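Visitor: Give me coordinates for this.
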Amino acid sequence: MVLSATLLALIFHVIFCNEVQTQLAETGQRWESIPKWEQRRLAWTRGPGALWETTRQLDPLNLGIAFGACGLLVVIGGVRWRLVLRVQGLHLSWSEVMRISFIAHFFNAFLLGTAGGDVVKAWYVARAAPERRPEAALTVFADRVLGALALLVFAVVCAIPNVGLIFRYPRHSALFLTVLGMLLVAGLFVILGFYTNALQPGRPLARWAAKLPKGGSFVRALAACRAFGHHPGFLLEVGLWSLLVNVSIVLAYAALARGLHLDVPWITLAYVSAAVVSVAAIPVTPAGLGVRENLFVWLLATPIFDVKPGIALSLSLLGYTVNLAWSVVGGVVYLLAPSDTKQVVRATSSAVS
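Guide: Predicted structure coming up:
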């Protein structure tokens, strides 16, 4: 939380200073001639109002499109998770899948990264299937890895038309290399876990895992990964649903960018938004706050786009706010959920073919 607050304070200060410099330039005043403490005072007294005026440009139509797209993320994500559960022989009703998905989305708002709610999701489904807790918890982790892998592939594909931008600006090169590294790690895990016996009992990794606290459960979870590779068409089906998730992410940011009159090519916005969301998922700050905002300003406020830092910051903050609105919906679902939510999930213990 301290790191998140520090990052946000830093980016807000930079934006506020930029806004005041623009205001002073219009009146013929020079920012450099003002004492340092006076610069800070002007930045934090005039800056917030200027940023608010920028945010107010957003029209209700584009805001509504962004809100609907963020809602689709939760719903489609629930559909994808249900596919993963079925491979492990765990059958949840549609209502329970959506209920747990929205509750997890609520916890995403303040747990580390943008996937912190996965811990809560894993807890719910593991308590629902006590005899198969390792496999149940694995489904959440596998769903997250598959979703991240699909988003990273999407970002790399969208980076191809932006290759000139990536080679021209070191900041874009650094982002692309980060995304590429994350893609290799996620892809390696899927290949080793789904299509080889590297994670099976008796293998070096499994023997090491067995020595950890609760090592037996860890070994069972690792071994269960192989079931995903035994189901033909599983990755393709999950990939198609993940593509819809990725399109929804881009649609949300594209609608917000259009409402803010942001003049950035859609393919560039698709690459940037997919890459930033991927990196922001790393558990560094609550809900990725600060990390996401700095990245959007860092990547979009370049001479080639002529985007003001304040508008880039508004784009990120509005995206977070719209997503936070659905977290509030998830909070209501959490409050209204019956106390026996963990028991109403029907989990079968049939053998996984």
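
Visitor: Could you use CA atoms for every contact and neighbour count after this?
Guide: Noted.

Visitor: List the contacts of Glu19.
Guide: 43, 47, 50-51, 310 (Cα atoms under 8 Å, 6 or more residues apart in numbering).

Visitor: In terms of pLDDT, where does it sit?
Guide: Glu19 is assigned 70 on the pLDDT scale.

Visitor: which element is it on?
Guide: helix 2-26 (DSSP states H and E).

Visitor: Can you give the distance of that helix from its chain's centre?
Guide: The chain centroid and the centroid of helix 2-26 are separated by 25 Å, computed with Cα atoms, centre = their mean, to the nearest Å.

Visitor: So which residues make contact with the helix or strand that it is followed by?
Guide: Moving toward the C-terminus from helix 2-26, the next helix or strand (DSSP H and E) is helix 36-55. With contacts defined as Cα under 8 Å, 6+ apart, helix 36-55 is touched by 13, 15-17, 19-20, 31, 260, 310-311, 314.

Visitor: tell me the contacts of the nearest residue to Ala159 once chain neighbours are set aside?
Guide: Closest residue to Ala159 apart from its sequence neighbours, by Cα to Cα, 6 or more residues apart in numbering: Tyr271 at 5.6 Å. For Tyr271, the contact set (Cα under 8 Å, 6+ apart) comprises 154-156, 158-159, 162.

Visitor: Just among these, which is most surrounded?
Guide: Ala155 (26 neighbours; other Cα atoms under 10 Å).

Visitor: Surely that one is in contact with Ala274?
Guide: Yes - counting by Cα atoms under 8 Å, Ala155 touches Ala274, with 5.3 Å between them.

Visitor: quick one: buried residues of stretch 123-136?
Guide: 123-129, 132-136 (16 or more other Cα atoms under 10 Å).

Visitor: actually stretch 233-247, not the one I typed
Guide: For stretch 233-247, by 16+ other Cα under 10 Å, it's 235, 238-239, 241-243, 245-247.

Visitor: Tell me which of those fall in strands.
Guide: With DSSP state E as the criterion, strands contain none of the buried residues of stretch 233-247.

Visitor: Mark which of those are part of helices, please.
Guide: 235, 238-239, 241-243, 245-247 (DSSP state H).

Visitor: what would those look like in a markdown table with pLDDT?
Guide: Below are those laid out as a markdown table (pLDDT from 0 to 100):
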| residue | pLDDT |
| --- | --- |
| Leu235 | 90 |
| Val238 | 93 |
| Gly239 | 93 |
| Trp241 | 95 |
| Ser242 | 94 |
| Leu243 | 94 |
| Val245 | 94 |
| Asn246 | 94 |
| Val247 | 95 |
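
Visitor: Of all pairs in those residues, which one is the farthest apart?
Guide: Leu235 and Val247 (18.0 Å; Cα to Cα).
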